[in-house]
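Student: the following block contains a protein sequence and its predicted model.
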Amino acid sequence: MRTRLSRQRGVAVITALLLTTLAITIVASLFWQQQVQVRSIENQRLQLQKQWILRGALDWSSLILREDKIVDTRGGKPGIDHLGEPWAVPLAETRLDQYVDNPQAAGDMPDAALSGGIVDATSRYNLGNLVKGGQLQPEEVAVFGRLLGFLQLNPSLAQAAANLMQSAAASAGAGGTGTGAPASTPGAGSGSQPLKMMQVEDLLAVPGFTPEAVEKLKNYVVFIPLQPSQEGNKPVPINVNTAPAEVIAARIATLPLSEATSVVAKRQNAAFSDVQSFVTALGRQSLSSTGLAVSTDYFLINGIVRLNRAGMEMQAMIDRGGLNARKPKVLWIRQN
């Protein structure tokens, strides 16, 4: 009888231990799930906060560029854009002291910082010049080829890129989408069609372009999205007040890179007030001014926000528009 009672007590103890272990496991699982949900909500909150900070920076940049346009053209004089203006000064990482956050929710003191800058998009060569109205532009292909040569890349890649862009334009004209994802590699499949290039990274779809080549190119070329009514037959000009020597020398077929480097050094003392003053500085009075300008309405806005343990980068292109434009137009935004 005693042995039987002892066994029952042992079973009861083991059962109690098992139930206790099960209860602890369930409670721990519930706490873990709650912690995951809290962290997920916190990450979503931080993501939204970063996006709003960057959107605010974009609006701020637009106001700076709009005011610059008004000031430059005040009194009816033609406006110029150069690297000595306020918009061209990069913003070093700046602590957002007035940023409102909840330290208890974040687990530490709020730490938000913003950095970035504005870049003249026409200081880079517009790859959209290679194809106009579905037709290759041989002169523009030559310009891109010279630029590739100055950067120690294969100049023949210019023709390959232009051919793919023309195929994409023909595909769009035949009823293809022509927009959206990066261009597909020709021959990837029987039903594949090249899509319109929209970013410099889309050059990776062109056989011969490597990630290293695209990385070297990204500060010298750009895709400026234009409406059909804006395209016309003329290329988007480069701004000689902001373009690097390689882009200027590529644009002007007869200009050696050494002379382009020299004229870039000269503009540090005083910006060119018009294209003719640039031509005079070169000492080439017979030089054609096609494809050259001293002002722009297209800008790239770069921003980096750091909020506690997370960060986000943004790049946007805006069209500042003319004096009658109510506000600059955002052409595209990329975030990562």
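Tutor: Here it is on my side, so go on.
Student: mind checking pLDDT for residue 7?
Tutor: pLDDT, residue 7: 66.
Student: so where's the protein uncertain?
Tutor: Low-confidence segments of the chain, defined by pLDDT under 70: 1-8, 43, 75-76, 97-110, 172-194, 227-233, 285, 309, 322-325.
Student: can you check which helix is longest in it?
Tutor: helix 2-72 (DSSP state H).
Student: the residue nearest to residue 61 when sequence neighbours are not counted pairs with what?
Tutor: The shortest distance from residue 61 to any non-neighbouring residue, by Cβ to Cβ, 6 or more residues apart in numbering, is to residue 301 (4.8 Å). Bear in mind the C-beta positions are built from the backbone N, C-alpha and C, glycine included. Residue 301 has the following beta-bridge partners by DSSP bridges: residue 118, residue 316.
Student: against residue 310, how distant is residue 301?
Tutor: 21 Å (Cβ to Cβ, to the nearest Å).
Student: tell me which of these two has more neighbours.
Tutor: Higher neighbour count among residue 301 and residue 310: residue 301, with 26 against 13, using other Cβ atoms under 10 Å.
Student: can you pull the contacts of that one?
Tutor: Residue 301 is in contact with 57, 58, 61, 116, 118, 314, 315, 316, 317, 318, counting by Cβ atoms under 8 Å, 6 or more residues apart in numbering.
Student: so which bits of stretch 195-212 are buried?
Tutor: By 16 or more other Cβ atoms under 10 Å, the buried positions in stretch 195-212 come out as 195, 196, 197, 198, 199, 200, 202, 203, 204, 205, 206, 209.
Student: hey, where'd the strands end up in the stretch 101-250 of the chain?
Tutor: 112-120, 125-126, 131-132, 135-136, 221-222, 238-239 (DSSP state E, counting those that start in this stretch).
Student: which residues of the stretch 51-200 of the chain fall in helices?
Tutor: 103-106, 138-150, 157-173 (DSSP state H, counting those that start in this stretch).
Student: among those, which is nearest residue 74?
Tutor: Minimum separation from residue 74 across these (Cβ to Cβ) falls at helix 138-150, 34.6 Å.
Student: what does that closest one contact?
Tutor: Outside helix 138-150, the residues touching it (Cβ under 8 Å, 6+ apart) are 125, 127, 129-130, 154-159, 161-162, 217, 220-221, 235, 246-247, 249-251, 253, 257, 291.
Student: now, of those, which are buried?
Tutor: By 16+ other Cβ under 10 Å, the contacts of helix 138-150 give 125, 127, 129-130, 155, 157-159, 161-162, 217, 220-221, 235, 246-247, 249-251, 291 as buried.
Student: ok, how many other residues are close to residue 329?
Tutor: Neighbour tally, residue 329, other Cβ under 10 Å: 13.
Student: isn't it right up against residue 299?
Tutor: No: assessed by Cβ atoms under 8 Å, residue 329 is found out of contact with residue 299, at 11.2 Å.
Student: what touches both of these two?
Tutor: Common neighbours of residue 329 and residue 299 (Cβ under 8 Å, 6+ apart) are residue 318.
Student: in JSON lines: the buried residues of stretch 195-212, plus distance to residue 34.
Tutor: JSON lines is the format used below for the buried residues of stretch 195-212 (distance: Cβ to Cβ, whole Å):
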{"residue": "195", "distance to residue 34": "45"}
{"residue": "196", "distance to residue 34": "47"}
{"residue": "197", "distance to residue 34": "47"}
{"residue": "198", "distance to residue 34": "43"}
{"residue": "199", "distance to residue 34": "41"}
{"residue": "200", "distance to residue 34": "45"}
{"residue": "202", "distance to residue 34": "44"}
{"residue": "203", "distance to residue 34": "47"}
{"residue": "204", "distance to residue 34": "44"}
{"residue": "205", "distance to residue 34": "46"}
{"residue": "206", "distance to residue 34": "50"}
{"residue": "209", "distance to residue 34": "49"}
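Student: what is the nearest of those residues to residue 36?
Tutor: For the buried residues of stretch 195-212, the nearest to residue 36 is residue 199 (35.2 Å; Cβ to Cβ).
Student: ok, the closest one to residue 214 distance?
Tutor: 10 Å.
Student: that older thread, narrow the contacts of residue 301 to those that are buried.
Tutor: 57, 58, 61, 116, 118, 314, 315, 316, 317, 318.
Student: how many neighbours does the nearest residue to the fourth one once chain neighbours are set aside have?
Tutor: The shortest distance from residue 116 to any residue that is not its chain neighbour, by Cβ to Cβ, 6+ apart, is 3.7 Å, and that residue is residue 303. Residue crowding around residue 303 was assessed by other Cβ under 10 Å; the count is 25.
Student: same check, this time on residue 261
Tutor: 14.
Student: close enough to count as contact, it and residue 247?
Tutor: No: applying Cβ under 8 Å, one finds residue 261 not in contact with residue 247, separated by 11.7 Å.
Student: about what we covered before: buried deepest among the strands of the stretch 101-250 of the chain, which one?
Tutor: Of all those, strand 238-239 carries the top mean neighbour count, a mean of 26, counting by mean count of other Cβ atoms under 10 Å.
Student: what does that one contact?
Tutor: 81, 120, 122-125, 247-248, 251, 291-296.
Student: before we move on, what about stretch 217-224?
Tutor: Outside stretch 217-224, the residues that reach it (Cβ under 8 Å, 6+ apart) are 121-122, 124-128, 144, 147-148, 151, 153, 197-200, 202-203, 236, 244, 246-247, 298, 300, 317, 331.
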